[in-house]
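Participant: Sequence below, structure please.
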Amino acid sequence: KLRLIQLEYDYKDDFNVSTEQELKEVKKRFEADIRRIYMEETQQTLPENIEIYSSNELIKHNKNLDTTITSSGYDGTAIYIEDKGNEINQLHIISQGSQEKEDWLYNGFGLFLGMDDSQYEAAKQFTIKAKEQTNDVDNLKTYAMGHSLANNNQILLQLIDDEFDGVYGVNGAQVSVDHLLNTDEVLYRYMRLAFNKYDSLDSVPAEKLKEEIIKYYENKGVTAQITQRISKDDPLFGVSGKADFITFGEIHMTDTNLQVEGIRSIIDTIPDEDVRNIQRYLQQYTDDYQQGGLNGFVKASTGIDIDL
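Facilitator: Modelled structure (predicted):
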């Protein structure tokens with residue numbers, strides 16, 4: 001799985017072609033590499049019927065989708081494997097982590113502040129449209145794998161929409177309480193009723209709110225399919241103890257560098273309330289960000305017009 005995730009990164013620019021013939025050639029090379037990796041890892045061959053779909057063709061150049069989705073920065077590749085004789089009907093969604101400017105902006109405004117869900121929406125549309133390309137949706141098994149930001153997108157999709165039969169994340173960005181509440185409207189309404197808070201959940205103790213959110217998704221039956229492998233030395237693990245992030249699923253921790261202590265021990269010394277105060281201050285400019293993007297946010301929060 002790790003090699004397939006890396007392979008998808010390697011093909012990021014290759015899929016950005018302008019003609020159908022060029023795309024066909026890229027898919028042919030990508031499929032050959034998938035077959036090679038599978039053979040090297042399992043000493044077995046994959047079924048004959050494999051189809052490849054990229055986010056460039058299903059999302060970025062799809063004129064029927066909102067521009068907030070097509071320009072979100074989301075990148076991914078879908079691998080469809082079918083073998084009717086052996087009852088194999090699988091779709092594997094590999095999403096990319098943070099690569100471009102749009103990804104890093106989304107990390108801040110989406111993951112940390114909960115203002116933006118455009119990459120989640122893009123990942124959702126890509127998964128839906130990739131499923132539509134398959135031959136037997138009713139009996140389809142769908143799996144997701146990814147690293148960094150990709151993990152956040154695929155876990156949100158699993159928690160909110162129950163899209164996958166299995167989710168595999170490695171050193172992934174986790175999901176924050178604010179991002180969940182602002183993206184999952186059903187969860188937000190449920191929490192307001194659960195805590196008898198009809199105007200705002202801000203007065204609910206943070207740990208109690210996290211506990212109820214975890215319980216909500218566990219009862220929904222969408223967390224058991226999630227597996228995460230996390231290095232204690234990974235920077236994303238280092239910051240996941242703050243900003244009310246939640247780590248879902250079956251977690252396998254590894255200390256990949258016994259000689260060096262990760263940044264988690266440093267980040268954990270920052271008071272939780274200080275981080276929340278920063279979030280609350282910046283979140284008051286949510287409307288400015290959603291209406292004017294980064295420029296609107298900066299102008300509203302600092303008075304600086306970066307267009308000038």
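
Participant: Do a quick rundown of the strands in the chain.
Facilitator: Assigned by DSSP state E, the chain shows strands spanning 49-54, 76-83, 88-95, 141-148, 166-172, 175-176, 226-231, 245-246, 250-254.

Participant: Highest mean neighbour count out of these?
Facilitator: When you average the neighbours per residue for each of the strands of the chain (mean count of other CB atoms under 10 Å), strand 175-176 leads with a mean of 26. All C-beta spots, glycine's among them, are computed from the backbone N, C-alpha and C.

Participant: How far off centre is that strand?
Facilitator: 10 Å (CA atoms, centre = their mean, to the nearest Å).

Participant: again, but for stretch 249-257
Facilitator: 19 Å.

Participant: And D13, how close does it get to V26?
Facilitator: 10 Å (CB to CB, to the nearest Å).

Participant: which of the two has more neighbours?
Facilitator: V26 (19 against 9; other CB atoms under 10 Å).

Participant: List the contacts of that one.
Facilitator: 11, 14-15, 17 (CB atoms under 8 Å, 6 or more residues apart in numbering).

Participant: I267: which of those is nearest?
Facilitator: The closest of these to I267 turns out to be Y11 (CB to CB; 33.6 Å).

Participant: Counting neighbours, which bits of the longest helix belonging to the chain end up buried?
Facilitator: For the chain, the longest helix by residue count, based on DSSP state H, is helix 20-42. Along helix 20-42, these residues count as buried under the neighbour rule (16 or more other CB atoms under 10 Å): 23, 26-27, 30, 34, 37-38.

Participant: could you pull out the helices for the stretch 101-250 of the chain?
Facilitator: Ranges of helices within the stretch 101-250 of the chain are 101-106, 118-132, 149-161, 177-183, 185-194, 206-220, 235-239, based on DSSP state H, counting those that start in this stretch.

Participant: just those: most buried one?
Facilitator: Comparing these by mean count of other CB under 10 Å gives helix 149-161 as most buried, with a mean of 26.

Participant: what is the orientation angle of that one with strand 141-148?
Facilitator: 140 degrees (axes from the mean of the first three to the mean of the last three CA atoms, to 10 degrees).

Participant: Could you list every helix and strand in contact with helix 149-161?
Facilitator: strand 88-95, helix 118-132, strand 141-148, strand 166-172, strand 175-176, helix 177-183, strand 226-231 (3 or more CB pairs under 8 Å, 6 or more residues apart in numbering; DSSP states H and E).

Participant: pull the helix or strand with minimum mean pLDDT from the protein.
Facilitator: The weakest-scoring helix or strand in the chain, judged by mean pLDDT, DSSP states H and E, is helix 264-267 (a mean of 81).

Participant: what sits up against it?
Facilitator: 232, 237-239, 241-242.

Participant: Let's have these in JSON lines, adding distance to H147.
Facilitator: Shown next, in JSON lines, are the contacts of helix 264-267 (distance: CB to CB, whole Å):
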{"residue": "K232", "distance to H147": "16"}
{"residue": "F237", "distance to H147": "13"}
{"residue": "G238", "distance to H147": "16"}
{"residue": "V239", "distance to H147": "16"}
{"residue": "G241", "distance to H147": "20"}
{"residue": "K242", "distance to H147": "21"}
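
Participant: Quick check: closest non-adjacent residue to G169.
Facilitator: Once flanking residues are discounted, G169 sits nearest to N151: 3.5 Å by CB to CB, 6 or more residues apart in numbering.
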